[in-house]
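Undergrad: Got a predicted structure here, sequence first:
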Amino acid sequence: MATPTESRFSRLARLGGLTSRITSSYVGQTVANAFRSEEERRKAMDRAHVENAERVADTMSKLKGAAMKVGQQLAVAAASMDLPPEVAKALGKLHAEAEPVPFDVIRAEIEASLGKPLEQLFLSVDPQPLGTASLAQAHAGRLLDGRAVVIKVLHRGIAQHVSTDLMALKTALIAGRVLQRDRDELDTIFDELKERLEEELDYLKEAENIRAFSQVWSNHPDIQIPTVHPELSSERILTMDRLNGLPIDAFVAVATPEARQRAGHALGELYFKSAYRYRMLHADPHPGNYLFETDGRVGLLDFGCVKRFDEYWIARYCKAALAAVDGDREKCLTECRELGAWTGNNPVAGELLWKIVDLMGEPFRFKKYTVGGTADDILDRIPEHVKAVIQYPEVRTPRDLIMLHRSLMGMYSIARKLRVEADWGGMSRPQAQFAIDYANDWARSGTGSYQ
């Protein structure tokens with residue numbers, strides 16, 4: 001089985017072989033299509049796209065490390081990147097846990113990075129991991145004073161493969177027509193993924209992110225942020241207080257309706273204030289990054305992937321979003337042009353883009369809308385629009401939109417499980433208007449306030 005410490009050559013060989021298999025599959029389809037009807041050709045090509053997406057997912061999962069993480073990011077970001085649903089489904093298989101790293105390796109990593117024997121650093125460390133992800137492994141432990149903590153240990157040698165894996169994966173995805181976007185847009189998407197991924201490999205950066213979130217959320221009654229222990233952290237080791245709580249599925253099984261509503265409202269406030277007011281968004285919305293106490297309080301985990309936004313860009317996005325909610329097609333599409341989401345003049349492409357943003361605006365138009373309720377059929381209706389719009393390369397995914405919508409879709413997915421009823425427009429509009437006013441104040445005077 002491949003590991004993150006495989007040689008650069010062996011990883012390139014695996015990924016190069018993937019590209020060859022994908023390319024050969026399309027050559028075979030081209031030959032066979034000479035003897036097929038038009039309908040048979042279309043069905044055969046659809047099958048080839050799905051098979052190649054599954055080939056990519058299978059190779060990513062075996063390589064682990066950066067390759068697997070990129071696949072996970074692509075899967076979660078599928079909606080914002082207009083990925084075909086069958087591709088998103090194949091990549092979605094990558095969310096299973098990775099194979100655990102032996103504890104003697106973990107011990108050696110901690111001791112080498114922090115410069116002392118493990119017994120001098122911690123009262124105890126559980127040899128059984130809390131979880132093993134594509135980039136790191138987490139263990140429960142106790143400080144010398146008995147306080148419960150979580151210790152994250154970055155996988156050995158993973159950083160050296162980021163550029164290699166990204167380059168080879170992009171080549172394979174292009175060969176497999178998995179992303180179905182033009183080269184410039186793919187370069188933008190992968191540049192963004194690379195930047196976020198490199199940040200996730202620096203735990204000192206993650207510690208800074210946690211402190212920044214603590215500054216704005218520490219007094220919120222429903223949101224909990226862990227405390228970092230800098231003396232027990234480094235670029236490769238991150239030690240923080242252990243938060244209490246249940247994973248989402250376990251919480252839903254035991255929580256009262258009131259607790260589910262409290263949790264859902266907290267997640268909504270977290271998203272809209274983080275993105276629009278603080279311009280600093282937790283952009284890794286995997287369900288495993290949230291813990292829920294039985295009363296509905298939410299604990300936030302894993303701050304490696306945090307996206308920060310320019311005040312003018314987020315203000316323009318908010319203008320487009322509010323126009324969509326208000327049903328103002330022309331204003332919305334004008335703002336989409338300014339954002340770089342629509343770069344051409346084809347009216348059909350513009351209409352398809354409008355159908356998507358109009359659909360996304362639906363939950364924000366009602367005083368009460370239950371995400372995950374019987375009337376919430378957005379996920380059923382949006383694939384047909386996505387399939388249509390990906391035929392038009394002038395409808396693009398701006399770089400900053402990738403993580404913004406990745407996080408939005410993650411929050412929406414969790415809210416569906418919670419079946420949250422809320423006035424989503426009333427929750428989001430003041431924050432969006434704040435972003436617009438803040439940018440205007442900054443443009444006029446060079447000053448602004450987050451208060």
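TA: Perfect, I can see it now. What you see is a predicted model; the values in this text were computed from it and never measured.

Undergrad: just for the stretch 251-400 of the chain, where's the confidence low?
TA: By pLDDT under 70, the stretch 251-400 of the chain has no low-scoring segment.

Undergrad: in it, which spans are strands?
TA: 280-282, 290-292, 298-300, 306-308, 369-371 (DSSP state E, counting those that start in this stretch).

Undergrad: which one of those strands lies closest to I402?
TA: strand 306-308 (8.5 Å; C-beta to C-beta). Yep, even glycine has a C-beta here, placed from its N, CA and C like the rest.

Undergrad: what does that closest one contact?
TA: 196, 199, 209, 212-213, 279-283, 400, 403-404, 407 (C-beta atoms under 8 Å, 6 or more residues apart in numbering).

Undergrad: Try it again at 10 Å.
TA: 192, 195-196, 199-200, 205-206, 208-210, 212-213, 274-275, 278-284, 314, 400, 402-404, 406-407 (C-beta atoms under 10 Å, 6 or more residues apart in numbering).

Undergrad: thinking again about what came up before, make TSV from the strands of the stretch 251-400 of the chain and add distance to G344 and mean neighbour count to it.
TA: Listed next are the strands of the stretch 251-400 of the chain as TSV, based on distance: least, C-beta to C-beta, whole Å; neighbours: other C-beta atoms under 10 Å:
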stretch	distance to G344	mean neighbour count
strand 280-282	29	23
strand 290-292	39	25
strand 298-300	39	21
strand 306-308	27	20
strand 369-371	33	19
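
Undergrad: Can I get those in a markdown table including distance to R147?
TA: As requested, the strands of the stretch 251-400 of the chain are arranged in a markdown table below (distance: least, C-beta to C-beta, whole Å):
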| stretch | distance to R147 |
| --- | --- |
| strand 280-282 | 24 |
| strand 290-292 | 17 |
| strand 298-300 | 16 |
| strand 306-308 | 25 |
| strand 369-371 | 37 |
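
Undergrad: neighbours around Q391, how many?
TA: 11 (other C-beta atoms under 10 Å).

Undergrad: oh, I was asking about G146
TA: 8.

Undergrad: ditto for the one 4 residues further on
TA: For V150, the count of nearby residues is 18 (other C-beta under 10 Å).

Undergrad: surely it meets P226?
TA: Yes - applying C-beta atoms under 10 Å, one finds V150 in contact with P226, separated by 7.5 Å.

Undergrad: Quickly list what's touching both of those two.
TA: In contact with both V150 and P226: L238, T239, M240, D241, R242, L243, L301, using C-beta under 10 Å, 6+ apart.

Undergrad: can you list these in JSON lines and add secondary structure?
TA: JSON lines is the format used below for the shared contacts of V150 and P226 (DSSP: H, G, I helix; E, B strand; the rest coil):
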{"residue": "L238", "secondary structure": "strand"}
{"residue": "T239", "secondary structure": "strand"}
{"residue": "M240", "secondary structure": "strand"}
{"residue": "D241", "secondary structure": "strand"}
{"residue": "R242", "secondary structure": "coil"}
{"residue": "L243", "secondary structure": "coil"}
{"residue": "L301", "secondary structure": "coil"}
